[in-house]
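> Mind looking at a prediction? Sequence and model below.
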Amino acid sequence: MPRFPDINAAAQGVRGSVYSGMSRKPASGRPPVPLHVGDTWMEPAEGCRMQDLTVEQHPGMHRYSPVPGYPQLRDRIAEIHGERTGVATERGQVIVTGGATAGLAAAVAALVAPGEEVLLAAPYWPLIAGSIRAVSAHPVDVPLMTEVETAEEAVARFEQYRTDKTVAVYWNTPHNPTGRLLPEDWLKALTEWAREHDLWIFSDDVYEDYVFEGTHVYTRSLAPERTISVHSFSKAYGMAGNRCGYLAGPEEAIAAIKRIVTNINYSACSASQLAALNALNGAGQPWVDAAREKYAGLGREAAAALGLPAPKGSTFLFPDVAHCLDDRGLDGLLGDLAEAGVLVAPGPSFGPYPTRVRACFTAVEPSEVRRGIDILAEHLSR
């Protein structure tokens, strides 16, 4: 056990920064295009911005909310989530959290014990690995989204990495970072496999509103008794700075997660919850529809410039840059790109991918995205 001045080994094993290799400045002196962060250039819809909320309309908006979120927000979430998934959902099966990040971290803390293992469908959203390490558990990379093409192969790949310490699995769809969708037959096969081995499922659905081709299938619709479904107002409605998301799952699991949340940040930001409620009550849907169309167009354009298939969802591309690497490796290329004027995220942040990078095609205004993609494409064509 650590004593002063030692630090807990679990904390030391968590990265202080998700990305690296991007410290060099562009020779032009112009700020680099930040395609390394998953965000949007669009402000939230009118009615969903902080400036739209007043104390006169919302007395007590600066006080604590109930720990699991305002009842009216949880009821609305339960209604919409139930409609989307086909799973009847009650208030007690929903908890509002300080963003999907805090929600997933609390879910891991509630359901995964020290020394246990969580299988991650790689490449994966980077912060999930740190959340697992923070509770002295072990994330296990399962190369999947760039290696496997059938449901049978997907199950076999997970089974290859399962041990008697495995207690949960994690996947996200629409997929960050590849832009793929997990097909329904994959999800049916994987949920049956998880049921067979008594595993929890952490299903990251934060890009549910941004499907450009195909249909998003909710894991919770296939295995509601063991799935923690993760959602984000940040991604859905352009509210990343508000830090508001939610989880839906079995009531007993949500109650355990609530106990963790109580002792970490107590409750999500009250004003952010009010903005989220306005979004769900109608103000946000036209914004989502317009954003989806813009995102899809930018995704197709960026993919064509990079010689990649158009993304089926989310806001990312994950090109292989192996042919561009010299003896400096990926860090050398990241530095060259930064100096040329674009920042992209390194593949190893997403799993065992030392020759890939991730680019977000919605992080800044479209003209800047195009400039950054052009710089990246020029380097990849060498």
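Yes, it's here. Residues are numbered from 1 along each chain as shown.
> Now for the residue most central in space within the chain: which residues touch it?
Centroid-nearest residue in the chain, with Cα atoms, centre = their mean: W125, separated by 5.3 Å. W125 sits next to N172, N176, D204, F350 when contact means Cβ atoms under 8 Å, 6 or more residues apart in numbering. (C-beta placed from N, C-alpha, C; glycine too.)
> Please apply the same query to I375.
Residues in contact with I375 (Cβ under 8 Å, 6+ apart) are V33, L337, A340, G341, V342.
> now A100
Applying Cβ under 8 Å, 6+ apart, the residues near A100 are D204, V206, V230, H231, S232, S234, K235, G245.
> go on, P250?
With Cβ under 8 Å, 6+ apart, P250 has these contacts: Q93, P224, E225, R226.
> same deal with H379?
Contacts of H379 (Cβ under 8 Å, 6+ apart): C324, L333, D336, L337, A340.
> Got the confidence number for the first one?
This points to C324. For C324, the model assigns a pLDDT of 93.
> residues making contact with the host helix or strand of E252?
Using DSSP states H and E, E252 sits within helix 251-262. The contact list for helix 251-262, computed with Cβ under 8 Å, 6+ apart, reads 67-68, 90, 92-95, 97, 102-103, 106-107, 109-111, 200, 228, 247-249, 267.
> taking the residues you listed one by one, which sit in helices?
A102, G103, A106, A107, A109, A110, L111 (DSSP state H).
> Of these, which is the nearest to W287?
Distance to W287 across these (Cβ to Cβ) is lowest for G103, with 22.4 Å.
> Spatially nearest residue to the closest one (excluding sequence neighbours)?
By the measure of Cβ to Cβ, 6 or more residues apart in numbering, the closest residue to G103 outside its immediate chain neighbours is T97, 3.4 Å from it.
> Would you map the helices across the stretch 51-200 of the chain?
All helices of the stretch 51-200 of the chain, identified by DSSP state H, counting those that start in this stretch, fall at 71-85, 99-111, 127-133, 151-161, 184-196.
> Dump those helices to JSON lines, plus mean pLDDT.
Shown next, in JSON lines, are the helices of the stretch 51-200 of the chain (pLDDT from 0 to 100):
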{"stretch": "helix 71-85", "mean pLDDT": "98"}
{"stretch": "helix 99-111", "mean pLDDT": "97"}
{"stretch": "helix 127-133", "mean pLDDT": "96"}
{"stretch": "helix 151-161", "mean pLDDT": "98"}
{"stretch": "helix 184-196", "mean pLDDT": "98"}
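> Switch the ones in helices among the contacts of helix 251-262 over to CSV; also include distance to R382.
What follows is the ones in helices among the contacts of helix 251-262, written out as CSV (distance: Cβ to Cβ, whole Å):
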residue, distance to R382
A102, 42
G103, 42
A106, 45
A107, 44
A109, 46
A110, 48
L111, 47
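> Who wins on neighbours among these?
G103 (29 neighbours; other Cβ atoms under 10 Å).
> and it, how far is that from R370?
G103 sits at a distance of 34 Å from R370 (criterion: Cβ to Cβ, to the nearest Å).
> cool, and R259?
Distance from R259 to R370, by Cβ to Cβ: 47 Å.
> Look at the two and report which has more neighbours.
Shown here are R259 and R370; by other Cβ under 10 Å, R370 has more neighbours (17 against 12).
> Helix or strand: which one has the more buried one?
Assessed by DSSP H and E, R370 sits inside helix 366-380.
> what comes up buried for that helix?
Burial within helix 366-380, assessed by neighbour count using 16 or more other Cβ atoms under 10 Å, is assigned to E368, V369, R370, R371, G372, I373, I375, L376, A377, H379, L380.
> Same question for stretch 219-236.
219-224, 226-236.
> Among the residues you listed, name the ones in strands.
In this view, the buried residues of stretch 219-236 that belong to strands under DSSP state E are T227, I228, S229, V230, H231, S232.
> Can you give me every residue that contacts the second one?
What that stands for is I228. Counting by Cβ under 8 Å, 6+ apart, I228 has contacts A107, L111, W200, I201, F202, S203, L247, A248, G249, A253, I257.
> my read: A240 touches W41, true?
No. If you go by Cβ atoms under 8 Å, A240 and W41 don't touch, sitting 11.3 Å apart.
> which one of the two has more residues nearby?
Legend: neighbour count by other Cβ under 10 Å for A240 and W41, higher for A240 (17 against 14).
> Quick check on that one: phi, psi?
For A240, the backbone dihedrals (degrees, to the nearest 10) come out as phi -60, psi -40.
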